[in-house]
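J.: Attaching a predicted model along with its sequence, questions to come.
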Amino acid sequence: MTLPGEASVMTTYARYPVTLVRGEGLRVWDDEGRTYLDMVGGLGALSLGHCHPDFVRAVDRAARTIGLTSNLFATPPQAKLAATLAGLLPLEDPRVFFCNSGAEANEGVIKLVRKWGLPRGRHVIITLEGSFHGRTMAALAATGQPPKREPFEPIHDWFRYVPPGDVEALKGALEPGDAAAVFLEPVMGEGGVIPLDLGYLREVRALCDEHGALFAVDEVQAGTGRCGHWLSISSADVVPDVVALAKALGGGLPMGALVAPAPLSFAPGEHASTFGGGPVPSAAALAVLDTIERDGLLANVAAMGELLRAEVARLAPAGTLVEVRGRGLLNGFQVAPGIAAHDVVMAMLSRGALASTAGPDTVRFTPPYTITAAEVDEAVKALSDALGEVAS
Ligand code: PLP
């Protein structure tokens, strides 16, 4: 059914033919009363699921306490969130800049490393081919996917793209000594859910140190616990210099963060965001972090992710998948040539399960961290049945 008003929405997304009206945990309902298991989870943003009571309580309380104060004034939720994040992340004496989205967090990263690099004669930022960093102009320029950039060229030309996992190519790109930073997603999300090799991530750290460049990570999709650690790069035991967070941090409200050591921080007047870190989204993010800690959700993310990958590998009809990839609850299932990931997602939809695609050949699951083993089984069954239908 076409929703009244829908035609007035700019069609930047090819939408699935479902209107969602209500949610609880991993369950959502459409406007005709059908229910679905939500393995999209707000494209990775819905860390606690729909309408988690602690999230709802925190948002309700914050909204009743004070409105937006702008960043001209301090507020308790923002200060507490900054201190909590600073305590959870492995960076030394970090400072947090709050914003509203992944692209905005990445814009902050890019601006910060350029501020650091320009006086040092370092104007280049090295990013990965196939990467995705957002749709605003600098984040788009950083994105290593030419079809997304080309319609908007000329575009910032200070990005140098190297193939992911290729140490020699990275060495070559660092060689001229003009790079301010290497900037990458430890698990490349939109590019097909590609977890970078842990040894490669350690090499990147070592090469950045050797060549005097910063190591910045886009943890927008993979961070805030999605891969079983507060930062996905912690799987490699690597500490980055600069971090961008968003998505899961806000638990469904717009919230992004740029985290950097104190000496790298912006000075007053160099960067800003009217809505960034307002009392309501800050209270929401605090509820997210507290609930993850209190309920041991990082362990659940790791355990359910393993179960999911093992069960998909075991139950997917023979010949339908090329690869099962992921860390924690950021997972991609690459379909065999001749199968379109979109068709699989549509077949899942008709079976009552929501999934997304990451590129043309990968079905992606980014469910809430609260997922249970029974829900994993349900998702695996929907995927396997959908694969069987599309392949036949
Ligand atoms: N960076 C990564 C790794 C992402 O996956 C995304 C979104 O998918 C972004 C940045 C952009 O985030 P947003 O859509 O919140 O601007």
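T.: In hand now; what should we look at?
J.: Need phi/psi at the residue of the stretch 101-250 of the chain found nearest the ligand.
T.: Closest residue of the stretch 101-250 of the chain to the ligand, CB to the nearest ligand atom: Gly102 (2.2 Å). In short, each C-beta sits where N, CA and C put it, glycine included. Taking degrees, to the nearest 10, you get phi -70, psi -40 for the backbone angles of Gly102.
J.: Would you tell me whether the one helix or strand Val363 maps to gets close to the ligand?
T.: Applying DSSP states H and E as the criterion places Val363 in strand 362-365. No - Strand 362-365 stays clear of the ligand (CB under 6 Å from any ligand atom), getting no nearer than 10.5 Å.
J.: what residues go with each domain of the chain?
T.: Following automatic domain parsing, one finds the domains of the chain at 6-51+296-391, 54-294.
J.: Mean neighbour count and mean pLDDT added to the ones you listed, as a markdown table?
T.: Output for those, formatted as a markdown table (neighbours: other CB atoms under 10 Å; pLDDT from 0 to 100):
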| stretch | mean neighbour count | mean pLDDT |
| --- | --- | --- |
| domain 6-51+296-391 | 19 | 97 |
| domain 54-294 | 20 | 98 |
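J.: outside of the strand holding Val363, which residues touch it?
T.: 39, 189, 192-193, 308, 326, 329-335, 341, 344-345, 348, 355-358, 379, 383 (CB atoms under 8 Å, 6 or more residues apart in numbering).
J.: just checking: which of those also lie near the ligand?
T.: With the criterion set as CB under 6 Å from any ligand atom, the members of the contacts of strand 362-365 near the ligand are Gly189.
J.: Report the separation between the residue of the stretch 101-250 of the chain closest to the ligand and Glu190.
T.: 10 Å (CB to CB, to the nearest Å).
J.: Just the pLDDT for Met1.
T.: Looking at Met1, its pLDDT reads 55.
J.: ok, back up a step: was I right to think the residue of the stretch 101-250 of the chain closest to the ligand contacts Leu249?
T.: No - in this structure, Gly102 is not within contact of Leu249 by CB atoms under 8 Å, at 9.8 Å.
J.: got the residues of the stretch 51-200 of the chain near the ligand?
T.: 101-103, 106, 132-134, 185, 189-190.
J.: Just flag the most distant two among these.
T.: Greatest spacing in these, by CB to CB: Ser101 and Glu185 (15.5 Å).
J.: Spell out which helix or strand contains Val28, please.
T.: Going by DSSP H and E, Val28 is part of strand 27-30.
J.: next one: His229
T.: Per DSSP H and E: His229 is located in neither a helix nor a strand.
J.: pretty sure it is touching Ser235, no?
T.: Yes - contact criterion CB under 8 Å: His229 and Ser235 qualify, at 6.1 Å.
J.: Pop out the phi and psi values for the spatially most central residue of the chain.
T.: For the chain, the residue nearest the mean C-alpha position is Gln221 (0.9 Å; CA atoms, centre = their mean). When read as degrees, to the nearest 10, the backbone of Gln221 gives phi -90, psi -40.
J.: contacting residues around it?
T.: By CB under 8 Å, 6+ apart, the neighbours of Gln221 are 44, 102, 185, 187, 189-190, 247, 330, 366.
J.: Got the phi and psi for the residue nearest to it when sequence neighbours are not counted?
T.: Spatial nearest neighbour of Gln221, chain neighbours left out: Gly189 (3.7 Å); criterion: CB to CB, 6 or more residues apart in numbering. Main-chain torsions, Gly189, degrees, to the nearest 10: phi -80, psi -70.
J.: Same check on Phe98?
T.: phi -100, psi 140.
J.: ranges for the strands of the stretch 1-150 of the chain?
T.: Secondary structure of the stretch 1-150 of the chain (DSSP state E, counting those that start in this stretch): strands at 20-24, 27-30, 35-38, 94-99, 124-128.
J.: so what does the fourth one touch, helix or strand wise?
T.: Read that as strand 94-99. helix 76-88, helix 102-117, strand 256-261 (3 or more CB pairs under 8 Å, 6 or more residues apart in numbering; DSSP states H and E).
J.: For it, which outside residues touch it?
T.: Strand 94-99 is contacted from outside by 78, 81-82, 85-86, 105, 108, 246, 255-262, 265-266, 271, 273, 276-277, 282, using CB under 8 Å, 6+ apart.
J.: what pairs with the closest residue to Ala82 other than its chain neighbours across the strands?
T.: Residue nearest to Ala82 in three dimensions, not counting chain neighbours: Val96, with 4.4 Å by CB to CB, 6+ apart. As for beta bridges, Val96 partners with Val259 under DSSP bridges.
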